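*Asks:* sequence unknown, structure follows:
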């Protein structure tokens, strides 16, 4: 596995996707409460979502090829579980702005909210090593899954999480 550093943000490149728990927060950790912004610059406290229902967070960028490749499976998981699981994309503050995200979403809409991590607080709190980083938080607010790459089976993770 090789890592590239682009504008201070590590991108994983090379052989296959990383599997769950190779990177980021430890499974079993309490999900961090951190503030990000909506695309209009208004603060959004992720704590309002944690501990209320299961949640999928994707650390995402308009320029991320792995995010684009992961998009169909995330949309399918959202179609299946979106009524009982909150999905949120966190736009990283590297080489994009709220305006560029809004422009991108016009042509490539997502069925769930995209927020913006202007200061990198969420990237740091969730130990996001790259874009396409997924964190699944259970209803109790505990990290149940982390992973990166375009071959993550989020539906399988949610199937296990929602059947418990």
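*Replies:* Perfect, thanks for sending it. Predicted, not measured: the structure shown is a model, and the values here were computed from it.
*Asks:* going forward, measure contacts between C-alpha atoms and count neighbours the same way
*Replies:* Will do.
*Asks:* what number of residues lie near residue 111?
*Replies:* For residue 111, the count of nearby residues is 13 (other CA atoms under 10 Å).
*Asks:* could you do residue 118 as well?
*Replies:* Neighbours of residue 118 (other CA under 10 Å): 21.
*Asks:* ok, the spatially closest residue to it that is not a sequence neighbour - contacts?
*Replies:* Once flanking residues are discounted, residue 118 sits nearest to residue 93: 5.0 Å by CA to CA, 6 or more residues apart in numbering. Counting by CA atoms under 8 Å, 6 or more residues apart in numbering, residue 93 touches 116-120.
*Asks:* between the residues you listed, which has the most around it?
*Replies:* residue 116 (29 neighbours).
*Asks:* low pLDDT regions in the chain?
*Replies:* 1-22, 164 (pLDDT under 70).
*Asks:* separation between the residue positioned nearest the centre of it and residue 52?
*Replies:* Taking CA atoms, centre = their mean, the centroid of the chain lies closest to residue 58, which sits 1.0 Å from it. Separation of residue 58 from residue 52 (CA to CA, to the nearest Å): 18 Å.
*Asks:* swap in residue 123?
*Replies:* 22 Å.
*Asks:* looking at the two, which has the bigger crowd around it?
*Replies:* residue 123 (23 against 14).
*Asks:* would you mark the buried spots in stretch 23-33?
*Replies:* 23-27, 30-33 (16 or more other CA atoms under 10 Å).
*Asks:* for this protein, give the helix that spans the most residues.
*Replies:* helix 65-81 (DSSP state H).
*Asks:* what number of residues lie near the residue nearest to residue 148 when sequence neighbours are not counted?
*Replies:* Once flanking residues are discounted, residue 148 sits nearest to residue 133: 4.4 Å by CA to CA, 6+ apart. Residues lying near residue 133 (other CA under 10 Å) number 27.
*Asks:* let's number from 641 now, not from 1
*Replies:* In the new numbering, first residue 641, that becomes residue 773.
*Asks:* and residue 773, bridged to which residues?
*Replies:* residue 699 (DSSP bridges).
*Asks:* and it, how far is that from residue 668?
*Replies:* In terms of CA to CA, residue 773 sits 17 Å off from residue 668.
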